[in-house]
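Visitor: Give me the fold of what follows.
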Amino acid sequence: MDPLSALGVAASIVQFIQFGSSITSQALEIYKSSEGSSADNFECENASKRLRELCNGLKNTGCYGVALKKICEGCLEVAEELETLLGKLRLNETAENGTLRKWRSFRQALKSIWSLDSIERLKRRLAAFGNELEIHLIMALREQANALTNEQRESFSAIQSLTRNLSNTRRLIRDDIFEQGQKFGVENSAGHEKTRTVLKALINDGEEKKMRAAFMRSLGYSEMQDRHRRIAEAHEQTFRWIFAKSKKEDIPWSPFTDWLQSGNGVYWINGKAGSGKSTLMRYVVENRMTNDHLDIWSGTEALVTGAFFFWSSGTEEQRSYTGLLRTLLYDMLLQHPEFLFPVLSSMLESQWDDSLSEIQFEHHRWSLSELKRAFTLITDHSIVPMKFCFFIDGLDEYSGDHEEMGEFLKQVAMSPHVKFCLSSRPWIVFEDTFHGLPMLRLQDLTYGDIKAYVADKLERHPKMRDLSRKEPLHSAELIGEIVSKASGVFLWVVLVVSNLLTGLRNRDDISDLRKRLRVLPAELEKLYKHMLGQVDQVYQERASRTFRIFRVLSGMNRKELMMSFFIDTAITSTYETAITTVVDPINPEEMQKRFNHLDWHLKSHCAGLIEISGLPQLGDCVSYLHRTVQDFVESGPLQTWIIGRTTDTDFEPNISILISLIIKIKQALSSYKFDKSLLRMVLADLQSIMNRAKAAEYSGMLKKSMKYIELVDEADRVGTVFAQKYQQVQQYVTSNHWSDLSKNHGRHGAGFLAEAVSYGLRAYVTAKLKGDSTILLQSNINNLLLIHAVIPSYGRSDLESSISLEMIKVLIGHGANPNQIWKGQTAWQRYLTWIHEYGSSSDCLLGWFEICRVFLLCGASVNTTCVSNHKLPNGDTSSSHTVLDVIDDVFGKGGMHEQALELFRLVEKRRRSDYECTQSSNGPEILISQTLGTNRKRKLDPSEFEFSRKRWKNTSSLAFPN
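Guide: As a prediction, this is how the structure comes out:
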């Protein structure tokens, strides 16, 4: 049957089932009621008339589908029974006077012809027809969707084929034109060549430029040059020795210029933490002398260079393998697109077996294997006759396997046409990988640079110039002491000089400055601790708040949340600010004011260990002063100190960030441009709010829970206001709730509570359910919340923690029914389908077992099936699986034999209990706290499991009625 006809039949059946159910429900109410109001509303004449109309509708549907025909026939049988009973119940209006007499007569007649069991039987039968119809329609719609998908796939294939044909035809026409031009003879060859060149340019140039630009966009990312720009520039007169033609014989290092001009392979720059490696790498990359020397090496071949600076505090791309390769490929294409673009585009064309379009290029998501292949292909001299030199800083800040990275680079550099200049700390893994290769150790070579830096910085201050005139010898000794104590660590020097300049502003003399210097520890970590110890005790609680907020923000991987304006808001705003304050639009003056305030705050409260780089108008960024500061701040001892300063307060860093995000969305409401980029930003903010709320709950630090509940409610309110305003501006309305504006996630009409359930906000959901016990009594809400609890949260890859056992307990404890059907399936069925789909290879099996156990203990049906169409471990496919099938496939084949058998026992116990309940009027009461008397510590032999599994699967379904 075609879908429209099936829909018409289904509509007739639904009308009949709804009407029949209303009759049986009213009859049941009258049967049990001692009042007559229900009977007054029960008009048998009208009911009979409507029933006949619906029966005629069913008879005229012309059901050709077997399943629908069977449902129609069953409905007609029920209709005949109902019509017969209604005929017997028609009251003689003239024979009975008075409401009470009429009621008694009606009730007596109802009881005499219709037993309670009969009413309930008809009601159950109608409900069964409804369930069958839902399943049939779901399957029918699924088949239709599959058919439409196949049609779309065929249409897309046809379009791709047409695109290929057009591309090939264009290529043939172009080649034919050029070929015909060559046939005209050689006497006008110059003219023909010019014509060919013009024609080729007209055909190819515009299109190829578009394709190239799209290709570049696919490789690029917004933070690509951030780290490079944020590295401090080399101080004047420093690092010039790197390009010197000769070297000191007593210092073992390989001349860098020799390697640039004629060397191959890898040159390794290593040095202590804070010795200035990144600054040196920036100096080398930006210095024109580097390319001058490399030109000698490349000779007549084209030279291609690229640079990447790893950053452990940056985004995922800034510390990853994919970020490195995307950046280097982008740099190469930028320099020689005419040669390198055809190589990469042909690689993708052969991979996709298709001619590529501009859109395909732009939206291509590069995998690591593709990037490696592209990089290897481009640096293959037989394909691309060029020479390549790459500069990669901070290998120790790479987030992956350092040995694997080092070996890959060394392998690529075996080609005489490719070489790398690399920098890192002198870790053993790098010493082993780069042993015997050209190298330098930075702290051995910067004595003169440090001396020049110290002298220049100090002597710029008038007080120091005055002291140098008065005490030249002692001034020189002070500088020498600084340089000697530095041991080549440039960062230490920068911090110490800053401290000494403070002393000069306080009118310190040379002896005071030397005392200052001797108090400062020579090791960076101890110096950081000393600097924090100098922070006024009054400021230490605020310092703790700042460090804790910044640490959470650093892990959120959202660049826009690392800007000074947002962080200052997070530090200074309160609960009242988020709830009651009217937020004005952001203006440049306010941004500068916030920038200045945060800059002062970080220097005075955090000892400058966190700093701002850049300008607020151009997109500043707050970051740790150095990688060593991050290591120090996140170490165990300092975390104890930091957290200890706010232990006796109600501070929770996630709540502060949540407040700042609410204010950020309120500022977005004043935007004049409600476009898709603003929508994406606000949806990302709302998702971050939900994640921060969950983190706050799990931290155990929520001391003012009512304020937390109000904050989450406010976040939902401002999100909904934004959604409504956005849709008004865009002149379309799909929903009043913000979650439905996301293509990948929606609440299906279940309210914000469903969002809270999806994100695992247990405290929030519990508070809401306690505050309004009627929530779960609303139509569909009961099951919808449980559905959201068993479907992993949007955007979560951590499967085990994204489905909350505790949330499921909360919902079932408040009356949620695991067997209630919504859209053809129960929450229990959806959960079984989901874990069956991921199969026995998942590392989340223990958590899944506990959830299955709770479901079964709380009354989940043991006779249900889950519908899926994926490949099973044995290679078969099936569309329907029993509870025992799922237990066996997921836990049994996953090696969790004890847990599988415990679930088998639970299923058997439930079947036995259900069977006994059919013999008595008292049903079983199964509680969450119920436990089984199984010995979980005993290790089960696999053969014992296999024997028991077969016994349960072969006998459980036969021992008791289904």
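
Visitor: Now residue 416: closest residue in space, sequence neighbours ignored.
Guide: residue 264 (5.5 Å; C-beta to C-beta, 6 or more residues apart in numbering). For every residue, glycine as well, the C-beta is placed using N, CA and C.

Visitor: Could you do residue 768 as well?
Guide: Nearest one to residue 768, counting by C-beta to C-beta, 6+ apart, is residue 753 at 6.0 Å.

Visitor: okay, now the one you found: neighbour count?
Guide: Neighbours of residue 753 under the rule other C-beta atoms under 10 Å: 22.

Visitor: what's the weakest-modelled helix or strand in this structure?
Guide: helix 37-40 (a mean of 44; mean pLDDT, DSSP states H and E).

Visitor: List the residue ranges of the stretch 51-200 of the chain that fall below the pLDDT cut-off.
Guide: 51-68, 82-83, 85-117, 119, 131-150, 152-153, 155-200 (pLDDT under 70).

Visitor: rerun at 50
Guide: 64, 91-100, 102-103, 177-178, 181-182, 184-189, 191-192, 195-196, 198-199 (pLDDT under 50).

Visitor: Domain map for this structure?
Guide: Structurally, the chain divides into domains by automatic domain parsing as follows: 3-144, 226-443, 447-522, 536-727.

Visitor: what's the least confident stretch among those domains?
Guide: Among these, domain 3-144 carries the lowest mean pLDDT, a mean of 61.

Visitor: Tell me both backbone torsions, phi and psi, for the residue lying closest to residue 892 once chain neighbours are set aside.
Guide: Nearest residue to residue 892 in three dimensions, chain neighbours excluded: residue 900, at 4.3 Å (C-beta to C-beta, 6+ apart). Backbone torsions for residue 900, taken as degrees, to the nearest 10, come to phi -60, psi -40.

Visitor: Can you report how many residues lie near residue 900?
Guide: 27.

Visitor: Quick check: the residue nearest to residue 768 vs residue 698, distance?
Guide: 19 Å (C-beta to C-beta, to the nearest Å).

Visitor: ok, now residue 537?
Guide: 31 Å.

Visitor: neighbour count winner among these two?
Guide: residue 698 (15 against 7).

Visitor: Give the helix, strand or coil label for the more buried one.
Guide: helix (DSSP: H, G, I helix; E, B strand; the rest coil).

Visitor: And for residue 306?
Guide: strand.

Visitor: list the contacts for the nearest residue to it once chain neighbours are set aside?
Guide: Excluding its sequence neighbours, the residue lying closest to residue 306 (C-beta to C-beta, 6+ apart) is residue 331, at 3.6 Å. For residue 331, the contacting residues are 304, 305, 306, 307, by C-beta atoms under 8 Å, 6 or more residues apart in numbering.

Visitor: Quick check: the gap between residue 331 and residue 257.
Guide: 23 Å.

Visitor: same check, this time on residue 452
Guide: Residue 452 is 21 Å from residue 257, by C-beta to C-beta.

Visitor: Show me where the chain has its strands.
Guide: 265-270, 302-309, 386-393, 418-424, 439-441, 610-613, 621-624, 821-822, 825-826, 865-867, 880-882 (DSSP state E).

Visitor: Make TSV out of these and add mean neighbour count and distance to residue 560.
Guide: TSV is the format used below for those (neighbours: other C-beta atoms under 10 Å; distance: least, C-beta to C-beta, whole Å):
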stretch	mean neighbour count	distance to residue 560
strand 265-270	22	33
strand 302-309	20	21
strand 386-393	23	25
strand 418-424	24	29
strand 439-441	20	39
strand 610-613	19	15
strand 621-624	22	10
strand 821-822	18	38
strand 825-826	22	40
strand 865-867	19	42
strand 880-882	16	46
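
Visitor: Using JSON lines, lay out the ones you listed together with distance to residue 528.
Guide: What follows is these, written out as JSON lines (distance: least, C-beta to C-beta, whole Å):
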{"stretch": "strand 265-270", "distance to residue 528": "23"}
{"stretch": "strand 302-309", "distance to residue 528": "23"}
{"stretch": "strand 386-393", "distance to residue 528": "23"}
{"stretch": "strand 418-424", "distance to residue 528": "22"}
{"stretch": "strand 439-441", "distance to residue 528": "24"}
{"stretch": "strand 610-613", "distance to residue 528": "11"}
{"stretch": "strand 621-624", "distance to residue 528": "10"}
{"stretch": "strand 821-822", "distance to residue 528": "56"}
{"stretch": "strand 825-826", "distance to residue 528": "57"}
{"stretch": "strand 865-867", "distance to residue 528": "56"}
{"stretch": "strand 880-882", "distance to residue 528": "58"}
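
Visitor: okay if I get the domains of the chain as CSV plus distance to residue 764?
Guide: Output for those, formatted as CSV (distance: least, C-beta to C-beta, whole Å):
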stretch, distance to residue 764
domain 3-144, 32
domain 226-443, 29
domain 447-522, 45
domain 536-727, 5
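
Visitor: Of these, which is nearest residue 783?
Guide: domain 3-144 (13.2 Å; C-beta to C-beta).

Visitor: Looking at the strands of the chain, which is nearest to residue 527?
Guide: strand 621-624 (14.5 Å).

Visitor: Pass me the low-pLDDT residue ranges in the stretch 701-850 of the chain, would you?
Guide: 744-746, 794-801.

Visitor: mind running it again at 80?
Guide: 701-705, 728-737, 739-751, 772-783, 791-803, 822-823, 838-844 (pLDDT under 80).

Visitor: in it, which spans are helices?
Guide: 705-730, 752-758, 762-771, 781-790, 799-802, 805-813, 827-838, 845-857 (DSSP state H, counting those that start in this stretch).

Visitor: Save those helices as JSON lines, and put in distance to residue 635 too.
Guide: As requested, the helices of the stretch 701-850 of the chain are exported to JSON lines (distance: least, C-beta to C-beta, whole Å):
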{"stretch": "helix 705-730", "distance to residue 635": "30"}
{"stretch": "helix 752-758", "distance to residue 635": "35"}
{"stretch": "helix 762-771", "distance to residue 635": "31"}
{"stretch": "helix 781-790", "distance to residue 635": "38"}
{"stretch": "helix 799-802", "distance to residue 635": "26"}
{"stretch": "helix 805-813", "distance to residue 635": "32"}
{"stretch": "helix 827-838", "distance to residue 635": "37"}
{"stretch": "helix 845-857", "distance to residue 635": "31"}
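
Visitor: and residue 865, which of those helices is closest to it?
Guide: Using C-beta to C-beta, the helices of the stretch 701-850 of the chain put helix 827-838 closest to residue 865, at 7.4 Å.

Visitor: other SSEs contacting that closest one?
Guide: helix 781-790, helix 845-857, strand 865-867, helix 883-887 (3 or more C-beta pairs under 8 Å, 6 or more residues apart in numbering; DSSP states H and E).

Visitor: now the last one: mean pLDDT?
Guide: In other words, helix 883-887. 89.

Visitor: Show me what it is packed against.
Guide: Partner elements for helix 883-887 (3+ C-beta pairs under 8 Å, 6+ apart): helix 827-838, helix 897-917, helix 942-959.

Visitor: and the ones you listed, which one's lowest on average pLDDT?
Guide: Looking at the helices and strands packed on helix 883-887, the weakest mean confidence is helix 942-959, a mean of 50.

Visitor: pretty sure residue 573 is touching residue 657, no?
Guide: No - judged on C-beta atoms under 8 Å, residue 573 makes no contact with residue 657 at a distance of 10.1 Å.

Visitor: tell me the contacts of residue 607?
Guide: Contacts of residue 607 (C-beta under 8 Å, 6+ apart): 528, 531, 532, 534, 535, 543.

Visitor: Leaving out sequence neighbours, find the closest residue to the second one.
Guide: Once flanking residues are discounted, residue 531 sits nearest to residue 607: 4.0 Å by C-beta to C-beta, 6+ apart.

Visitor: Then the fourth one?
Guide: Nearest non-adjacent residue to residue 534, counting by C-beta to C-beta, 6+ apart: residue 607, 6.7 Å away.

Visitor: Give me the distance between the one you found and residue 628.
Guide: From residue 607 to residue 628 the distance is 14 Å (C-beta to C-beta).

Visitor: Find residues that contact each of these two.
Guide: residue 528.
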